[in-house]
Structures are given as C-alpha cells and as structure tokens.
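Trainee: Below is the sequence, then the predicted model.
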Amino acid sequence: MSIYKSYSKDEIDHLFSNYLVNSWSYSKLGQFSRNEKAFEMIHIYGHRSKQSATTVAGQAYHFALDRYFNAKQRGDQFDVADLEMLAFEYIEEVQPYLWKIQKTTPSIEDCKQKAYKTVVALIRNFFSELHVYEEEIAEVLEVEVFCDEFLTINGVDIPLPCKAKIDLKVKLKDGRIVIIDHKSKNAFSDEEALKLSIGVQAITYVKCSESNDGEIVDEVWFIENKYSQNKDKSSQLRPFKLAMTPDVRRLYEALIYESLKRMLEAVSDPDYVYLINDSDTLQDKAEIYDFWAKTMIAEVEDFNVHPDKKDLVAKRLRKIRDSSLASINPKVIKQFKENASSFIHYDLSNKNMTPSQKIEHILRSFGLIVSVEHIFDGFSSNTYLLRVSAGVTVNSVQGRRLDIANALDVSNVRISKDLVMHEGKAYLSIEFSKAREKDLIFCPGDLIERKIPIGKDNFGNTIIWNLNNHSTPHALVCGGTGSGKSVSIRSTIEYALQGAASEVIILDPKFEFIKYKNHAKVKVYNDILEIEDAMADAVKRMQECVKNGMHWDVLIIFDEFADAVDQARKGKQLIQKELQEIGTYVNGSAKMGLVTVGELKSLEENLKMILQKGRSVGMRVMAATQRASVKVISGDAKVNLPVQICFRVQKEADSRVVLDEAGAESLGGCGDGLIKSPEYRDTVRFQAYYCA
C-alpha cells in the first residue's frame, strides 16, 4: 500500500503545495508525453478546449451506455429509443461556446446535427451487436466508477493520486473480473499499436480499481464502436482483450513509470519549460501559440487556474513575463497573438474584437447584414441594439442565437421576440450575461404610490408590479438556489411596508423571513398547520368582504408554496369528526362515537380561491417556488398569476414552464431576472434590488 494513503489532510495539503497539479491520470500522462505545452495549457492553466461534434457524440454515447448498464444492474431494460433520448439530452446540455466550429460544421446547428447522426450510429451499432458485451457477462458489478487513489507504480509510491473513470466492471460466467472501456471510433485502431497504448491505459484502470476496492482484476476489455459504416457489412464493434498476468502488469508498470516520473519532475518545478510539439495533430496549433503568447502578457486571473495553485502559477507567470519582456517588445507579442488567432478558423473568441464587432462579423459570415447601433451596460447583462438591414429577416437573426453566443464565448444570448423602440426607432435587442461589478441597492425612494419596484432594466427603467392595476393582482416568482429569488422577495416586503400595502401576511415554511415576526404590520406563519389555518382564515375574511362590499388591503407572500401544498393535509386528513352520542347501551348509558361533521378545504383549494376572488376585494398574492414543474405551475395557476417573474433556472424547459419561452436558463444569478406582465409588451430582463 502507498505510504501516502496514511497521510493526514494537513500532510496531503503540504504535499500538494509542492506541485502545480493535484493529481495525475492516463489522459494527463498521454497529453504530457504527446505535447507538453498542451498539457501546461489545459491542466495547469485550466484552459478548456472546444470540442468537435464527434467528440461530443462519443461523450454522449458513454453517458447513454452508463445509464444502460445502471438499469441492467437494477434489473431494468432500456431500448434503442431510450438511449437515443438520453444521448440527445446530453448533446443539448453542451454550452454553445464549447462547440468547435470547423469547415465541415460551420455553425452550432451543424455541430449538433453531426453529433446526433454520429451518436445514433453508435447506439444502433451497440444494440445490433449487444452479444459482444453480454455473451460472457454474468453480473454487472459497477458502472461509472470514479477513482482517486494514491498508487505504487513499479515499486515506487507516487506522491500524487491517480484519477480514473472506469466505465464498467463485470463478472464473467467463468468467474473472472473484467474492466470494460467503451470507445467510439471513426476507424478501428491498428492492433499492433493498440497492444502498446492500451496496456498503459489498462494498468492505470487496474491499479486504481484494485486500490479502491481490493478486488483483483483479471482482464481489461476495450470495445471499439466504429460509427462510420463498414462497406463489407462486417462487425461495427471490435473488442480488444488484455489479460492482466503478472508479466503483463510488470511490463506496463515499467512503461508508465518512465513517463510518470518525467511528468512529476516537471510539475514539481515552477520554472520548467514545457515544449511545443508542432507535429501533434490532435491539438490546434494556433490555439497553443495563442496560449503561449498569452502567458507572456497576462495575469493569473486571466486563466482558470485551480484556487490552490494560484500563488505558484502567479510566480511562474511573473518569471515568464519578466524574461520575455526583457528580450521581446510587448507590441511584438500582441501582434504575434493576433497572427496566431487568425489561423483559428470560424472562432471569434480569441480575436481582438469588441463584442459589437463579433456580433456583426458572425452574422455577416451567414449573409446577414446588421449593425450594432447602441450598447447599454447593465448590472448582470449588457444589451446591444441591432439595426437589421433591408432584405434581412428578423427570424434569420434569431435563428443564429447560438452562433452569436459561440462568437462571444458566452453560454447563451437572449434575442428579443419583438423589436425594441429606442429614440423613436425600432431595433432588435441582444442580451448576454456578464460578471456583475455592482449591486442594485434597495432604494425606498423608488416606490411611487402602490407600484412596487421589482428592479431596473438595462435602459435604467424601473420595473414595477402595480398593486392598483386589476390586470396584475398576483405574481408568480420562480428561481433556483442562488438565483436571487429570496432577496427579491425581501425587497418586495420592504416596499410593501413602506406604504404599498396596509398589512402583510408571510407564509414561510423555510423560515427565511423570520426577522419580520415582530413587525407590527406583518404576520408570519412557518409551521404547515399554522399556514393552513392562516389561509383558511384569509378565505373566511375574504368571503365576508365580498358579501359586505368591504376592502382588504393585504399582501400575502407565500414562499415555497409548492412544497407547502405537498406537505399539507389531504383527503381523509381533512375530514372533521366529533365525539357524539350514537345510541344507548342495554344498561341505559349513552353510546359515544366519532361522527363526521364536515370537511375542511385543502391548502391548495384555499389558495386557488384567494387567487380567483381575492383581487376584487384588494387582496394581492406573491407566490414563490423553486420547482418549475407543470404539476406545480399549471396553466390554471398562470392564468391566476398574470405577473410571472423568473430568475435563473436549471433548464430551458423550466424557463418555458414559467414564461412560455426560453431565456431564464442562461441568466447570471444573483437577481438577474426576467418578468412577463400585462404592464409590458415583451418579456423584460431586469436586475432585482439587493435588500439585506
């Protein structure tokens, strides 16, 4: 056993402080051996290279197979359609700026289409030749195992842990334990070359697995799936099986140790010079040289360096910059960087262009002539107003949303459905998130009458919820953790207490607004039974107001209403019974029993009644939830909640549930929101107030 397995956390932290990386793996080792500069760029400076359509398809294939064998382990069965849907979902989740635009795939949509086509071929090959996997398998032991283990290689304890993802571990019918690795290929690997390269990968998996659970591995299988169809109709799946005998283990441990020793020496030396391999066909040469130039003029904050390594890398950068600037003029370095970038076709993220120029350039590459006329700097996003030339349809620009995002190197952009009027002219609006540099602080002076300020848009306009407008009586608020939902609700409460409402009732099952417990104008209910009773009392008072023509100026804040409805009493729990005389015993004494005397309305029914009838007597409701589900936010619910506010949610589907359109999935969090209201012609992006 490796001596490092016995180290305490403090000892491990001290050990890691001597290295520029915190772990090694087969892929890191291969990258270092093939191209040291690419290793430095990706694994030390945290650069994430863009991925080709076939690479994404291979990842989606792995994802789908993991789910297939997980289901098999549970005794369930997935068919072709199930796996294809899983793979499609994986592809859809890939952020636009991560796709690698190439000549054969010049747009994001082209990349996706190629990825879909490739993964369909892989999955159908898998099912048509399933016997390659399952003929000998008796039991699926583990699926998608992530290992992080200190290992002993070639008799030497390695001071950094090895990370490995093992696709599949099975027991064969003859009792042997086998690790299986799925591989997607455009062409089968040369068998002689496989014997060498696969053995090094195999020993890494075996050592990690055995260190993880102590179970001896007998064989490693690499099953290649060739997505390009064979003209001779031969097998599309080819397994390469490697028996892990003692001699095989010794051979590949010796081979891996040589490369590993060199890599460890490099990452333990802050002054090590990583060499560029110009013959490396797997790495974009322009990307490498662009990175090399960047290290000479940039600060550590300009890279995605691991937080624990920032001090080491910062010192390294200072030495590189000092030595390079002493011999090379900074203007020459910048010019070289521009020249390197010019070789990266169809990729504007590395160009020295403004966002406006990138938007115009990427659209013109598709024959769409536009010009950016106005730029508005917001809190969490920027807005660009585009003048669309005659002959260019607005729909064609909207259809290039992901290509614009790719050019800007952002996860997504939002393009307005309607044209935006500014200074008497119509423009198409494009918005995208940015790192927020300032907060919109709660300001009591922004309240005018009963128009509760929700936030400000990028044009500086105050976005309101007008409690006097009978078209906007109730509001729905949705947003995931960290989206800013609770802080926004708090600002609404504060504006209500400034005079927008005479009374505030807070139904707070998560105890987030407990500080208002002692406020004279506020009643706070936390326990679910208290919430049910409070709603029942509110319905009773509402009915009295309706009957007597009275007005009740109250704002009800119902936080996490979906969870509360789930926890509330239902069905038989709502039946009311009393102990009453139901007969007489022979001796003349009264016979007592429980008799049904009525049935309470559920919390959901009472909420619905208030939403439907409360507006007429002055009641206003803000209902909030984290769950963007059609079961929670049904069509009926949205009819009764005409003001719909959505902060960041996880998926595009969640945004469509709340707003009937995409966009909230790409928001920046921390109060970056969208509002749909009868007060506004289009969905409006805004920054919510920060209220401590």
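Mentor: That came through, no problem. Numbers count the residues shown, from 1 in each chain.

Trainee: Show me the chain divided up by domain.
Mentor: Each structural domain of the chain that the record assigns through automatic domain parsing is listed here as a residue range: 50-128, 285-341, 355-433, 444-569+591-688.

Trainee: what's the closest of the ones you listed to residue 165?
Mentor: Ranking these by proximity to residue 165 (C-beta to C-beta) places domain 50-128 first, at 8.9 Å. Just so you know, the C-beta spots here come from the backbone N, C-alpha and C atoms, and that holds for glycine as well.

Trainee: Pull up the distance across the closest one, start to finish.
Mentor: Using C-alpha to C-alpha, to the nearest Å, the end-to-end distance of domain 50-128 comes out at 32 Å.

Trainee: Compile the domains of the chain into TSV and extend it with columns for mean pLDDT, mean neighbour count and distance to residue 43.
Mentor: Supplementary listing: the domains of the chain in TSV, determined by pLDDT from 0 to 100; neighbours: other C-beta atoms under 10 Å; distance: least, C-beta to C-beta, whole Å:
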stretch	mean pLDDT	mean neighbour count	distance to residue 43
domain 50-128	91	18	16
domain 285-341	74	16	9
domain 355-433	88	18	21
domain 444-569+591-688	90	19	28
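
Trainee: Indicate which one of the ones you listed is closest to residue 234.
Mentor: Among the domains of the chain, if distance is taken as C-beta to C-beta, the winner is domain 50-128, at 11.7 Å.

Trainee: where exactly do the strands run in the stretch 151-300 of the chain?
Mentor: Counting by DSSP state E, counting those that start in this stretch, the segments of the stretch 151-300 of the chain that form strands are 152-153, 156-157, 162-172, 177-185, 219-226, 237-243.

Trainee: same for the third one, what does it pack against?
Mentor: On a contact count with 3 or more C-beta pairs under 8 Å, 6 or more residues apart in numbering; DSSP states H and E, strand 162-172 meets helix 53-74, strand 137-149, strand 177-185, helix 191-213.

Trainee: so which of these comes closest to residue 298?
Mentor: Residue 298 lies closest to helix 53-74 among the helices and strands packed on strand 162-172, at 26.9 Å (C-beta to C-beta).

Trainee: Find the residue closest to residue 545 in space, skipping its chain neighbours.
Mentor: Computed as C-beta to C-beta, 6 or more residues apart in numbering, the closest residue to residue 545 that is not its neighbour in sequence is residue 617, at 4.1 Å.

Trainee: Now do the same contact list for the one you found.
Mentor: Contacts were defined as C-beta atoms under 8 Å, 6 or more residues apart in numbering; by that measure residue 617 touches 542, 545-546, 550-552.

Trainee: any chance of the helices and strands packed on strand 162-172 in CSV, plus distance to residue 96?
Mentor: Shown next, in CSV, are the helices and strands packed on strand 162-172 (distance: least, C-beta to C-beta, whole Å):
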stretch, distance to residue 96
helix 53-74, 12
strand 137-149, 26
strand 177-185, 23
helix 191-213, 32
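
Trainee: Indicate which one of those is closest to residue 637.
Mentor: Set against residue 637 and scored by C-beta to C-beta, the helices and strands packed on strand 162-172 come closest in helix 53-74, at 32.6 Å.

Trainee: So for stretch 409-426, first residue to last residue, what's the gap.
Mentor: Its start and end residues considered, stretch 409-426 measures 27 Å (C-alpha to C-alpha).

Trainee: Equivalent analysis for stretch 583-591, please.
Mentor: Across stretch 583-591, the terminal residues are separated by 5 Å (C-alpha to C-alpha).

Trainee: Doesn't residue 661 belong to a helix?
Mentor: No - assigned with DSSP: H, G, I helix; E, B strand; the rest coil, residue 661 falls outside any helix and is coil.

Trainee: Residue 655 is in contact with that one, correct?
Mentor: Yes - Residue 661 sits in contact with residue 655 when judged by C-beta atoms under 8 Å, with a separation of 6.8 Å.

Trainee: before we move on, back to that, mark which of the contacts of residue 617 are part of helices, please.
Mentor: Within the contacts of residue 617, membership in helices is found for 542, 545-546, as judged by DSSP state H.

Trainee: Tell me which residues touch residue 490, please.
Mentor: Residues in contact with residue 490 (C-beta under 8 Å, 6+ apart) are 513, 691.

Trainee: does it count as helix, strand or coil?
Mentor: Residue 490 falls in the helix class when you classify it by three-state DSSP.

Trainee: Check residue 579 too.
Mentor: Three-state assignment for residue 579 (three-state DSSP): strand.

Trainee: thought it was touching residue 590?
Mentor: No - under the criterion of C-beta under 8 Å, residue 579 makes no contact with residue 590, lying 10.7 Å away.

Trainee: separation between the nearest residue to residue 615 once chain neighbours are set aside and residue 614?
Mentor: By the measure of C-beta to C-beta, 6+ apart, the closest residue to residue 615 outside its immediate chain neighbours is residue 473, 3.8 Å from it. Using C-beta to C-beta, to the nearest Å, one gets 7 Å for the distance from residue 473 to residue 614.

Trainee: And residue 454, by the same measure?
Mentor: When distances are taken as C-beta to C-beta, residue 454 and residue 614 turn out to be 21 Å apart.

Trainee: now do residue 274
Mentor: Going from residue 274 to residue 614 by C-beta to C-beta gives 68 Å.

Trainee: Tell me what residue 139 is bridged to.
Mentor: residue 171 (DSSP bridges).

Trainee: which residues sit against stretch 5-22?
Mentor: 4, 28, 43-44, 150, 159-161, 264, 267-268, 270, 306, 308-309, 312-313, 316.

Trainee: try 10 Å
Mentor: The contact list for stretch 5-22 (C-beta atoms under 10 Å, 6 or more residues apart in numbering) reads 4, 23, 28, 39-40, 43-45, 148-152, 157, 159-161, 163, 211, 263-264, 266-270, 272, 305-306, 308-309, 311-313, 316.

Trainee: No more questions from me, cheers.
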